[in-house]
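# Predicted model follows, preceded by the sequence.
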Amino acid sequence: MKKRSLLLTIVVSITLFTNCKNDKNSNQSVQATDTLEKEPKKERVVPIEKKYNEIARFIAGLPQEENNPLQEYEKTETWKKYSQESNRKWQKLKEGKLAKMRAWADVELKEINQRGGTLFYPFSGADFLHAQVFFPNLDEIIMIGLEPIGNPLNVEKIAKKQTNYFSALNKAGYFLAEFSFFRTNDMAVDLTGKRSIEVDGTIHLIMLYLAQLDNTITYYEKVVVDTEGNLIPVSEYKEKVDNNNKNKKVVYGNRLFFKRKNDDTIRSVIYFSANLSDYGLLEENPDFRKYLEKLKPTATYLKAASYLMYSVQAPGKNYNFKIIRDIILKNSQYVLQDDSGIPLSNFSDDSKWQKTFYGVYAGPISLFSNRYQIAMREAYRNKENVKPLPFGIGYQFREGTSNLMLAKKIGQVTDKDLEVETIEEKKETPKKSAQKKKESLLQKNYHKQM
């Protein structure tokens, strides 16, 4: 009996000791977990790599700032000629049109630039130029177009053989600077390697504009949007095949980090190649749609956007752009656009949007004549709410024929607000007048220059 009692006592003691030990380990485990959860997320330290800024200056026709191998290539007659011609054009542009645009933005877009944050620029093509001139203080610029993203220039390749790289770059880059928009058909040639095999995407022009606008590129990386709609470096991405959606595509982008002149703040610009139609965001790029829906841009900028967001019930799977239009209206605090962006009817609620109009409404160019807006014409008749626009921009690129509208969100936009029917006013056109004849003449001259 005594032996049995002693044995029971030993077993109980061992059990209690084991439980106490487990409880202690359990407590330690909980404490460790709590500690991990409370640790602040470490900010990523972006490395610095000078070679991308050196390449940008080389393709912009600007001399190197420090001794490096590219200086040897700058001794060639081809580069010297390109540099001289390019800088002559850019000097004229900076002293003329860009100076007017900067002065205008300093006043009219001051509130946006003071807030910082993200600029969203869909249908942008390679147009970093207008994005930074208008919004120099925003921290990140997100650009999207159909044109490929491309790869940074391999300078040795063009140095070792005769190439039309510089002439192709000069043609594509200066057209935007002069006329304020790209022609879609030209981009399909100029930025896809068809005119010069080395100009394989938008990165060449974006780097050129960064350099010409006195920025210093600090780093470059290729990025991708994962299945959760998160932006990550390509080096961290593992592609997963979606057997349920064979149309699905992965959206890649080029990201350039940079500093403005006399400013140590590191900013970035990302260009994505993606189809923004409803079909594209539902079938081809559903992960990219998640990414876009997460964005909360300070401002969205729309220029020469082909009036794509006017129709919400057009025939054909690639013609509707309601999803991207709704994302812009719901998530943006400001929208700056010409009349080719989102119809005025979507901003008609004065309790949601405070609108300021600039310039004149001359109507669309003949190519988009069925996108004339009577509501926009009436808005511009109210001269008290229309301010001058001292430069030309968009399809009506000549000064005195262009328009911009700045819409500031002052109330929450709900799903019900997005049901506003887009009015496509095709039949009624303005009466022919001296102004209309002037518009017609300008359009003829425009097509001649194309």
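Cool, got the structure. Numbers count the residues shown, from 1 in each chain.
# next SSE after the strand ranked longest in the chain?
Identified as the longest strand of the chain according to DSSP state E is strand 215-225. Of the helices and strands lying after strand 215-225 in sequence (DSSP states H and E), the nearest is strand 231-233.
# Any idea how far apart the tips of stretch 56-76 sit?
Start to finish, the residues bounding stretch 56-76 are 17 Å apart (Cα to Cα, to the nearest Å).
# And for the longest strand of the chain, what's in contact with it?
Residues outside strand 215-225 that contact it (Cβ atoms under 8 Å, 6 or more residues apart in numbering) are 46-49, 52-53, 56, 132, 149, 152, 207, 210-211, 231-234, 237, 250-261, 266, 270, 272, 287-288, 290-291. (Each C-beta comes from the backbone N, C-alpha and C, glycine too.)
# which residue ranges form the helices in the stretch 301-450 of the chain?
Per DSSP state H, counting those that start in this stretch, the stretch 301-450 of the chain carries helices over the ranges 322-331, 374-381, 434-449.
# Surely residue 254 touches residue 147?
No: here residue 254 does not reach residue 147: they are 11.4 Å apart, not a contact under Cβ atoms under 8 Å.
# any residues in contact with both of these two?
Common contacts of residue 254 and residue 147 (Cβ under 8 Å, 6+ apart): 201-202.
# returning to that earlier point: rank the helices of the stretch 301-450 of the chain by pLDDT, which is bottom?
Sorting the helices of the stretch 301-450 of the chain by mean pLDDT places helix 434-449 lowest, at a mean of 37.
# What residues are bridge-paired with the residue most central in space within the chain?
Nearest to the mean C-alpha position of the chain, by Cα atoms, centre = their mean, lies residue 143 at 1.7 Å. With DSSP bridges as the criterion, residue 143 is bridged to residue 121, residue 271.
# Tell me if I'm right that it and residue 127 touch.
Yes: counting by Cβ under 8 Å, residue 143 does reach residue 127; the two are 7.3 Å apart.
# Mind listing the shared neighbours of the two?
Joint contacts of residue 143 and residue 127 (Cβ under 8 Å, 6+ apart) are residue 121.
# Find the least confident helix or strand in this structure, judged by mean pLDDT.
Across the helices and strands of the chain, mean confidence by mean pLDDT, DSSP states H and E is lowest for helix 434-449: a mean of 37.
# any idea how far residue 311 lies from residue 330?
19 Å (Cβ to Cβ, to the nearest Å).
# My read is that residue 144 contacts residue 270, right?
No: counting by Cβ under 8 Å, residue 144 stays clear of residue 270, with 9.0 Å between them.
# mind listing the strands in the stretch 251-400 of the chain by residue range?
For the stretch 251-400 of the chain, strands defined by DSSP state E, counting those that start in this stretch occupy the ranges 252-260, 267-273, 299-302, 334-337, 353-359, 386-387.
# possible to save those as a markdown table with mean neighbour count?
Converted to a markdown table, the strands of the stretch 251-400 of the chain look like this (neighbours: other Cβ atoms under 10 Å):
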| stretch | mean neighbour count |
| --- | --- |
| strand 252-260 | 21 |
| strand 267-273 | 22 |
| strand 299-302 | 27 |
| strand 334-337 | 24 |
| strand 353-359 | 18 |
| strand 386-387 | 17 |
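# picking that back up, list buried residues within the contacts of strand 215-225.
For the contacts of strand 215-225, a burial check counting by 16 or more other Cβ atoms under 10 Å picks out 52-53, 56, 132, 149, 152, 207, 210-211, 231, 237, 250-260, 270, 272, 287-288, 290-291.
# if we can go back for a sec, for residue 97, which of the strands of the stretch 251-400 of the chain is the nearest?
Nearest of these to residue 97, taken as Cβ to Cβ: strand 353-359 at 14.2 Å.
# quick one: that closest one to helix 322-331, angle?
110 degrees (axes from the mean of the first three to the mean of the last three Cα atoms, to 10 degrees).
# who's in contact with strand 353-359?
108, 347, 379-380, 385-389, 400-411.
# before we move on, the earlier item: sheet-wise, list the partners of the longest strand of the chain with their directions.
Using DSSP bridges, the strands paired with strand 215-225 are strand 231-233 (antiparallel), strand 252-260 (antiparallel).
# Can you add mean pLDDT and give those strands back as CSV?
Listed next are the strands paired with strand 215-225 as CSV, based on pLDDT from 0 to 100:
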stretch, mean pLDDT
strand 231-233, 95
strand 252-260, 98
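# Could you export the ones you listed to a markdown table, including columns for distance to residue 123?
Formatted as a markdown table, those follow (distance: least, Cβ to Cβ, whole Å):
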| stretch | distance to residue 123 |
| --- | --- |
| strand 231-233 | 20 |
| strand 252-260 | 15 |
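# and residue 60, which of those strands is closest to it?
Proximity to residue 60, assessed across these by Cβ to Cβ, is greatest for strand 252-260 (13.1 Å).
# what's next to the closest one, contact-wise?
By Cβ under 8 Å, 6+ apart, strand 252-260 touches 46, 52, 136, 149-150, 201-203, 206-207, 210, 214-225, 231, 234, 265-273.
# Stretch 254-271: end-to-end distance?
The first residue of stretch 254-271 is 5 Å away from its last residue (Cα to Cα).
# I misspoke; the intended subject was stretch 157-168.
End-to-end distance (Cα to Cα), stretch 157-168: 16 Å.
# residue contacts, the nearest residue to residue 398 once chain neighbours are set aside?
Residue nearest to residue 398 in three dimensions, not counting chain neighbours: residue 392, with 4.6 Å by Cβ to Cβ, 6 or more residues apart in numbering. For residue 392, the contact set (Cβ under 8 Å, 6+ apart) comprises 97, 180, 398-402.
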